[in-house]
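# Need a 3D model of the following:
(one chain, ligands or ions: 1)
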Amino acid sequence: MTEPRDILNVLQAWRDAGWIRSVDLALARFIHGQRAGVDEALLLAAALASHQLGRGHVCLDLPAALADPGSVLSLPPQDRAGTTAEADIPAPATVLGGLDLAGWQRALDDPAVVGDGPGSTPLVRVGHRLYLRRYWQYEQQVIDGLTDRLRDPATPSPAPLRPRIDALFAETAGAGGTDWQRIACALAARGRLAVITGGPGTGKTTTVLKLLVLLQATAHAQGEPAPRMGLAAPTGKAAARLDESIRGRLEALPLAEVSDDPGVIQAGIPSRVQTLHRLLGLTAGGGRPRYHPDRPLPLDVLVVDEASMVDLRMMAALLAALPASARLVLLGDRDQLASVEAGAVLGELCARAEAGHYNDATCQWLALATGEALPAEQLDPRGEPLDQAVVMLRDSHRFAGDSDVGRLARAINDGRADALDGVAGGEGGIDTRYPETPDTAALREPVVAGYRTYLEQAAAAPPTAAERDRWAGRVLAEHRRFQVLAAVRHGPWGVLGLNEQIEAWLMRAGLIPAGSVWYPGRPVMMTRNDYALGLMNGDVGVTLSVDGRPRVAFPPAAGGATVRWVSPLRLGSAETVYAMTVHKSQGSEFDAVALVLPPGDSPLLTRELLYTGVTRARQRVTLVLPGGRRGFDAAVRRRIRRATGLSAGLWRE
Ligand SMILES: Nc1ncnc2c1ncn2[C@@H]1O[C@H](COP(=O)(O)OP(=O)(O)OP(=O)(O)O)[C@@H](O)[C@H]1O
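Predicted coordinates for the structure are as follows:
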């Protein structure tokens, strides 16, 4: 590499091959245009740093790029790598092979382009990490916002909490073992930041409802104003699910035992869950949100569910909009796939959750507030401030201990290569199939059986218009019982190929008509936010025939009760969704799923992807592993590592 022009040609070739994006090349060109004589290793680093954002990383990790050059580009799947067209493109290993870490860092030593902190350079380097300035700023905002919340002078007295915690958790008292829900509830009442992680059905919603009651009741008893509370989730689907999950649950709590005025307590707890977009007033065009540091959210407590889907930029906007005095409670499953956009905030906050690391002060406070003694292995006199705010719920109340879905999810999480052994017999909740081609009975049978009932219901229109909403509600509920999930989008085993294949099977089975696009039963998913229609990317509806015309029925919005009917003519961006990617399925659950992997191994197959796919099912999983278990076994061992500096900013160690 000698001339900047050469590297621009290489980047152009990579762009043409789809290995980097146009925007990545444009950044390198922009810097080249602004700065005469700029080092070409800097241009390469700039394009790669930009490219990492599209792949979920917040920055470019320079040593990681040198150690595995192919890992920083979007190379095609291995089976396409050797084609003639691509043989002419300079290989990443060749281009980066001429660099060593010290030399690359020297090339980045250009103060007009690369800063090391606040300033106006397009890039920022912190140690081995190279950022686009905007993302360095988001990361700093998140680190500062969280650190500030952990610096908490006024730990509340545990005494007023204790009797209320006892009343709220009376049902589970003496159940044996540590009651982590009780501990989570108390710790979240202690500081301005709490992070509660747990797998499906471990009681995150239960715990947080009790927390909200505890906070309202304690404030009321002490003659303080009722705390203003908000509930939010990153997507419309996740918000609607939490909405549904909390409905009716508050009434079941012993409100009269925690307050002499249960009506006031109940009135103080929000009954609606909002999307984060709506809560913050984010605009489609990316302008300044409605709420920001100069106009903070009117809230004292904010609970964010499905926080694993919150990306770095959203978290920065959220922390900026939340008043410093407000309590933030993040709920989620740290083992799920991280956000599609850059960042893995929840995962990093929960990196040490398993081992607790609770210090003496926390232990003593918890003993007074809950009567619980923490297990010895969870104690650490050197525990850090963030550790004291994180709790992991460990017992699933959804899956019985011996449920196959629960066992398989745990085995995947533990990275056990033998995860499928002993659960894949088909007797319990897990059925494994190894088809050679997609068009086989092994795949067709469970899929047609899974979709049959809702399609039959969709085809049978109701006798009267008055019945229409209830009928649509039934079809939508039935439709949500089963879903085909795919690991990838392209190819015969990806979402696009499977959707075609499944439509053909359903036609042959007489469940859907041939020759019509908007036929009754066609399930569609929004592929973009449509603010005018109030439909968000990922929302799923089912086409039904209303007075002879197709209408798509979407489930009620969060907080709403009625089915939303939309004419297909108004749906600009929606696609058929017999098969859905695992990524898109986050925040949803089904009784049963068929999880389809592509044949062989692929870097896209990761532990997080398998765990997320399997845990979408409440009862049954059909694993479709074309050609055998190799890809599955390799995926169990492959973890997603996202380059970020959040941990470095949050943990001392
Ligand atoms: N300590 C407990 N003892 C018995 N049942 C419980 C307990 N905690 C929660 N449950 C029940 O387990 C189920 C799942 O609880 P909950 O919805 O609170 O979990 P979650 O972690 O929020 O689940 P999700 O994965 O849906 O987000 C609910 O039916 C709830 O009533």
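# any idea which element Ala65 lies in?
Element membership of Ala65, judged by DSSP states H and E, is helix 62-67.
# Name the residues of that helix that come out as buried.
Leu62, Ala64, Ala65, Leu66 (16 or more other C-beta atoms under 10 Å). Every C-beta, even on glycine, is put in place using the N, C-alpha and C of the backbone.
# same deal with stretch 452-470?
Neighbour counts over stretch 452-470 (16+ other C-beta under 10 Å) mark Tyr454, Leu455, Gln457, Ala458, Ala459, Ala461, Arg468, Asp469 as buried.
# which other residues reach it?
Residues outside stretch 452-470 that contact it (C-beta atoms under 8 Å, 6 or more residues apart in numbering): 471, 474-475, 478-479, 481, 506, 509, 511-512, 520-521, 542-546, 562-563.
# how does it look with 6 Å?
Stretch 452-470 has contacts (C-beta atoms under 6 Å, 6 or more residues apart in numbering) with Trp471, Val475, Glu478, His479, Leu511, Pro520, Gly521, Leu544, Ser545, Val563.
# Now it: average pLDDT?
Averaging pLDDT along stretch 452-470 yields 89.
# same thing with stretch 136-143?
95.
# So which bits of the stretch 501-650 of the chain are right by the ligand?
Residues of the stretch 501-650 of the chain lying close to the ligand (C-beta under 6 Å from any ligand atom): none.
# And Thr218, which helix or strand is it part of?
Taking DSSP H and E as the definition, Thr218 sits inside helix 204-221.
# Mind checking if that helix is in reach of the ligand?
Yes. If you take C-beta under 6 Å from any ligand atom as the test, helix 204-221 does meet the ligand, through Lys204, Thr205, Thr206.
# Could you do stretch 326-333 as well?
No. Counting by C-beta under 6 Å from any ligand atom, the ligand is not contacted by stretch 326-333; separation bottoms out at 7.1 Å.
# And that stretch, how far out from the chain middle?
Centroid separation for stretch 326-333 versus its chain: 14 Å, with C-alpha atoms, centre = their mean, to the nearest Å.
# and if you look at stretch 560-573?
Taking the mean of its C-alpha atoms, stretch 560-573 sits 25 Å from the chain's own mean (C-alpha atoms, centre = their mean).
# what's the answer for stretch 480-492, then?
Averaging C-alpha positions (C-alpha atoms, centre = their mean) puts stretch 480-492 17 Å from its chain's average.
# Likewise for stretch 354-361?
Computed by C-alpha atoms, centre = their mean, the chain-centroid distance of stretch 354-361 equals 26 Å.
# Report all helices and strands that the helix or strand just after the helix holding Thr218 contacts.
Next in sequence after helix 204-221, counting helices and strands by DSSP H and E, comes strand 229-233. Contacting strand 229-233 under the criterion 3 or more C-beta pairs under 6 Å, 6 or more residues apart in numbering; DSSP states H and E are the following elements: strand 301-304.
# Give me the mean pLDDT for the strand it packs on.
The predicted model assigns strand 301-304 a mean pLDDT of 97.
# and what of stretch 189-208?
Stretch 189-208 comes out with an average pLDDT of 93.
# that older thread, make a markdown table out of the buried residues of stretch 452-470 and add distance to the ligand and secondary structure.
Output for the buried residues of stretch 452-470, formatted as a markdown table (distance: C-beta to the nearest ligand atom, whole Å; DSSP: H, G, I helix; E, B strand; the rest coil):
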| residue | distance to the ligand | secondary structure |
| --- | --- | --- |
| Tyr454 | 22 | helix |
| Leu455 | 27 | helix |
| Gln457 | 25 | helix |
| Ala458 | 27 | helix |
| Ala459 | 31 | helix |
| Ala461 | 33 | coil |
| Arg468 | 30 | helix |
| Asp469 | 26 | helix |
